[in-house]
Every structure is written in structure tokens, then in C-alpha cells.
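In: The sequence isn't on hand, but the structure is:
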């Protein structure tokens, strides 16, 4: 058998955003998986103004230790683990790709953590304010780092800034502890500090620190607030309790006023804010209080799942960590079976037009009992002309979109090149499954070859046609799949020992547009 190895057209949406907003309508986003080759699950932890993202992943070699990854200009970099430590924390990334966090420097029952910065292979221990432990939480594009450190002779930690090799104590609002969480290039810092009276329970309050010192920026009526992020314009987001202190909401603080951003359902917390005042964060939803990511923009809070039109597959987006001034969002997403990975979200100016559909033609290779589908004109021409001997049309076809449109996912295509002459292809509409395919053996990613709706919860959207995915269960010694819209054909394949492998009880793999 001669494997089909065509030149695939590109179907990637390149990084970068259009600046215009889709006026008077919900924003729309496209998700791009930040694929981690050689890893399994990943979690993104910060984004910078360039659109670079940093996070951690679990490589196969690590026996439980997560490595740091940097995703920049569409490329993955494995930065390993600082000092080969068994664990560490990553909290910030600036446009010079300097990463900050905390790493163990001594171990055992009384082990200690130190704040660190990492740029490429250059690692710096930032030290402490005289105590044992410190942690870095954020970094500005001018290199200023903020965090919290133990101080000499005290049981409390204090917020600090670190610049030009020196760590400075920012003090507190009124004694007790403080922690800085974010800083902008103008040197404005936010975080939280104990504001309780002596002998009273801790009551952290959000602060803004400038050259004039540290000041309490208030609450949403309760007694507790924490600042989490600050924009280049000095806007702050975080979380605050409401009167009674039993419920917490995300807030936006700007021009001396703190605004309640509401929730998707129950609680909410802000984690990132940009110069336009757009806020991202996470909010509880439903009876189980499950976290969903949100964006607050133009005065409205949106569940990010509802406005991502393509790219996330089966994942629920649950961990928004930041938004930059271009509107790009870093977020993690998990499938119902618990597989989690990182995504970058790009905002579009308007919904892309619905393109005309194209025919996806099915071919069969009798000698191996293998099937192949394609909508690419050059491939269809080559197959029909006999360039790949042995392949014949089955007479079956279905529809797909050739380019991005609302509600359609990119269909990844992999070639199984580790099966000798009987190489085979695999297709999926699920970004998480596409990543897993690259980790499960000799599968080579060939591209995103078309766009089709995804069967959420095993059900195709109204007006689309079920495309059943069947697996040959390794018959003949190699894996093979078939994709068909014909329910009778599905039954025939099952009678031959093939297994429904898609979603839901019928094994739906994707959905054909009308």
C-alpha cells in the first residue's frame, strides 16, 4: 500500500488580534490549544503583552514533577524545573519572557521557599526581606517584581518590590501581613494587607501602592477584599465580599471607584485586567458551584464557553488567568473525563461569514479494509486518477466547511506512520483529543483539514447531520477508522467487529453541516 501523504493546505488562525470590537454584540473568540509535545496535561498560569504564555505540564519522564513551558510565536519551549525541585510555583511573565514564582531552596519538615526569576537559562534567587521564605507573584515589563516575604524577627510576611537587584519592604496597611500580587510598568502595585484591629481576626483588604504609599481601596460592602491584577492604566481587579461577608464578587477598581462585576451564578473572582478595563476571571455556576471562566467587557459579564466559537472542542474553560491589552486571554480547559490543557483565546472583530460547504469524499482500500476521507481537491484528483493505486470511492460523502465559521471546530488529521505499509489516518473535532493523539504513539500531525460542528454531550447541533466514528479494534494488526453519516452502514461495521468510538451512545465523532 502506498500511503497518502499530500501537501496539506493551512487552516490555522495565526496569532494576533484585530483591534476593532464587534459593537453592540457579545465578543467572539477563537481558541488555540497550547499543545505540549511529549507531555500530558497542562495548565497555563500567565500571559504577557506579546501574547506569550507560561504554565506547567507533566512530562513523561518526571515521576510527578511538573516542568515549566513557554509558548511563544506558536512554538513550545520546555524550560524544565528550576533547581530540579520537586515542586514550585509560577505566577508571572513579562514581555521580555522573564518568569517569576517560588521554588524550594531547602527541603524537609522546615523547608524554605524563595522567590525566583527565570529568563531562558538564567535563574536568579531573589532572596528575602530577612526571613526564611519569599514568593514572587508578578512582574512588569520594566523588570520590577512583586511578591511577599518573611521579615526578620516577625511572624508576618510583607509585600515587596524587587528591582535592580534590591528587595524593598512595602509595609502594611495597619500592621500584620501584606502581599503584593501585581505591578505595572509605572510602578503601581496591588495586593492585600491585614486591616484588622489588634487581637481581632484577620481581615485582608485590597490595596494600591504608589509613590505616595499604600492605601486601602475599599470593598463591595463587606469586610474583605484582595487585589489580584493591575493594568497599565492603573485599573485593578480582584475579589471582595458583599455585606455579611458570605458571598464574594469580582470587582473593577478605576478612577477611585470600586465596581461590582456580578457573577455568572454564585461567586466570582477577577484574575486579569487590561488597559481597556476588560476583566477576566472565574465564577461559580450551577448547583454544584462549578467554576467557569468569564470576561467582563462593555459592561456585561460573559461565560467564555458561550463566546468561543471554535477551537476548544469538548473542553469547559475553567481557569482564566490573564488578559493583555490586545484582548488575548490565557485559560485552561478540561474535558468531562478530566483531561486538561492550556488555550490561548484570540478575539475577532466580527463573526466570520459562513463559507459554502465542500464535499468530504470517502475512499476504500479493500486489501487492508481501510477507509480514508478528504475534501482537498488535489487529493481527490490524485485518488480518482489512480496516483495511489488500490483506493476506490465508496459512493458515500458528507459536508464540511473549508474555513473557520461560528460553531465549527477545526478537524485535526493525523497519520499513523508506525504501522509499515498499512499506515492509517485519524480525524477529530476535539482539540483535547487531537493533543492526546500526538502522545499515544507513532501519530504525525498533518494539519487541520476542514471545519465541522462538535457533538457536545454526544448530540449534534440542530440542523446538522451525525457523523459516526467507528474503530476496527485493531483487526488486521493495525488501527483503522471509518466516518459515516449512514446509520445502516454504522450497523454493518459493528456486525463486522468495528466499535463505535465517538461521543454519546451512538458514537458520534463530528457533525456534518447541511
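Out: Alright, I've got the coordinates. Please read these numbers as outputs of a predicted model, since none were measured by experiment.
In: And the pLDDT for the closest residue to residue 216 other than its chain neighbours?
Out: For residue 216, the nearest residue in space outside its immediate sequence neighbours is residue 205; the separation is 4.9 Å by CB to CB, 6 or more residues apart in numbering. Bear in mind the C-beta positions are built from the backbone N, C-alpha and C, glycine included. The per-residue pLDDT reported for residue 205 equals 96.
In: does residue 205 count as helix, strand or coil?
Out: Three-state assignment for residue 205 (DSSP: H, G, I helix; E, B strand; the rest coil): strand.
In: and the host helix or strand of residue 280, which strands flank it?
Out: In the assignment (DSSP states H and E), residue 280 maps to strand 279-285. Strand 279-285 pairs in its sheet with strand 268-273 (antiparallel), strand 290-297 (antiparallel), by DSSP bridges.
In: Of these, which stretch is the most buried?
Out: strand 268-273 (a mean of 26; mean count of other CB atoms under 10 Å).
In: Might you calculate how far that one sits from the centre of the chain?
Out: Here the centre of strand 268-273 is set off from its chain's centre by 15 Å, with CA atoms, centre = their mean, to the nearest Å.
In: what does it contact?
Out: Strand 268-273 has contacts (CB atoms under 8 Å, 6 or more residues apart in numbering) with 47, 228-231, 235-239, 248-252, 261-262, 279-284, 294, 296, 301, 320-323, 329.
In: Give me the subset of those lying in helices.
Out: Among the contacts of strand 268-273, no member falls in helices (criterion: DSSP state H).
In: Could you report the distance from the residue nearest to residue 216 to residue 176?
Out: 10 Å (CB to CB, to the nearest Å).
In: between these two, who's got more neighbours?
Out: The neighbour comparison of residue 205 against residue 176 (other CB atoms under 10 Å) goes to residue 205, with 24 against 20.
In: need the helices for this protein, in chain order.
Out: Using DSSP H, helices in the chain cover 304-307, 377-384, 431-437, 487-495.
In: Quick check: closest non-adjacent residue to residue 237.
Out: residue 270 is the one closest to residue 237 (CB to CB, 6+ apart), at 3.2 Å.
In: Ignore what I typed, I meant residue 208.
Out: residue 217 (5.3 Å).
In: Check residue 253 too.
Out: Residue 253 sits nearest to residue 236 (CB to CB, 6+ apart), 4.2 Å away.
In: What is the burial count for that neighbour?
Out: Residue 236 has 29 nearby residues by other CB under 10 Å.
In: what's the distance between it and residue 98?
Out: Applying CB to CB to residue 236 and residue 98 gives a distance of 22 Å.
In: Relative to residue 367, which of the helices of the chain is closest?
Out: When the helices of the chain are compared by CB to CB, helix 377-384 sits nearest residue 367, at 15.3 Å.
In: Any buried residues in the closest one, and which?
Out: For helix 377-384, the neighbour count (16 or more other CB atoms under 10 Å) marks 379, 380, 382, 383 as buried.
In: What is it packed up against?
Out: Contact partners of helix 377-384 among helices and strands, from 3 or more CB pairs under 8 Å, 6 or more residues apart in numbering; DSSP states H and E: strand 358-365, strand 370-374.
In: The same query, at a cut-off of 10 Å, please.
Out: strand 358-365, strand 370-374, strand 392-400 (3 or more CB pairs under 10 Å, 6 or more residues apart in numbering; DSSP states H and E).
In: Deepest in the core, which of those is it.
Out: Of those, strand 370-374 is the most buried (mean count of other CB under 10 Å), at a mean of 23.
In: what angle do that one and strand 358-365 make?
Out: 160 degrees (axes from the mean of the first three to the mean of the last three CA atoms, to 10 degrees).
In: Run the chain-centre distance for strand 370-374.
Out: That offset, for strand 370-374, works out to 32 Å (CA atoms, centre = their mean).
In: Partner strands of it, with direction?
Out: Paired strands of strand 370-374, with direction, are strand 358-365 (antiparallel) (DSSP bridges).
In: ok, now how distant is the residue nearest to residue 208 from residue 238?
Out: Residue 217 is 9 Å from residue 238, by CB to CB.
In: ok, now which ones touch residue 283?
Out: 249-250, 261-270, 289-294, 296, 301, 303, 320 (CB atoms under 10 Å, 6 or more residues apart in numbering).
In: rewinding a little: want to throw the strands paired with strand 279-285 into CSV with mean pLDDT and distance to residue 125?
Out: Listed next are the strands paired with strand 279-285 as CSV, based on pLDDT from 0 to 100; distance: least, CB to CB, whole Å:
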stretch, mean pLDDT, distance to residue 125
strand 268-273, 98, 27
strand 290-297, 96, 33
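In: could you redo these as a markdown table and give each row distance to residue 309?
Out: Output for the strands paired with strand 279-285, formatted as a markdown table (distance: least, CB to CB, whole Å):
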| stretch | distance to residue 309 |
| --- | --- |
| strand 268-273 | 21 |
| strand 290-297 | 14 |
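In: Could you work out which of those strands reaches nearest to residue 87?
Out: Closest among the strands paired with strand 279-285, using CB to CB: strand 268-273, at 21.6 Å.
In: neighbours around residue 112, how many?
Out: With other CB under 10 Å as criterion, residue 112 counts 16.
In: what's the pLDDT at it?
Out: 93.
In: ditto for residue 242
Out: Reading off the model, residue 242 has pLDDT 97.
In: Isn't it up against residue 222?
Out: Yes - the pair formed by residue 242 and residue 222 meets the contact definition of CB atoms under 10 Å, at 5.2 Å.
In: what touches both of the two?
Out: With CB under 10 Å, 6+ apart as the test, residue 242 and residue 222 both reach 248, 249.
In: Look at residue 217 and residue 238 and report which has more neighbours.
Out: residue 238 (29 against 19).
In: quick one: contacts for that one?
Out: 181-182, 190-192, 206, 217, 225-230, 248, 250-253, 258, 269-271, 273, 279, 281.
In: Which pLDDT value goes with the closest residue to residue 265 other than its chain neighbours?
Out: Leaving aside its sequence neighbours, residue 265 sits nearest to residue 285 (CB to CB, 6+ apart; 4.4 Å). Note on residue 285: pLDDT of 92.
In: Provide the partner residues of the residue nearest to residue 237 in its beta bridges.
Out: According to DSSP bridges, beta-bridge pairing links residue 270 with residue 281.
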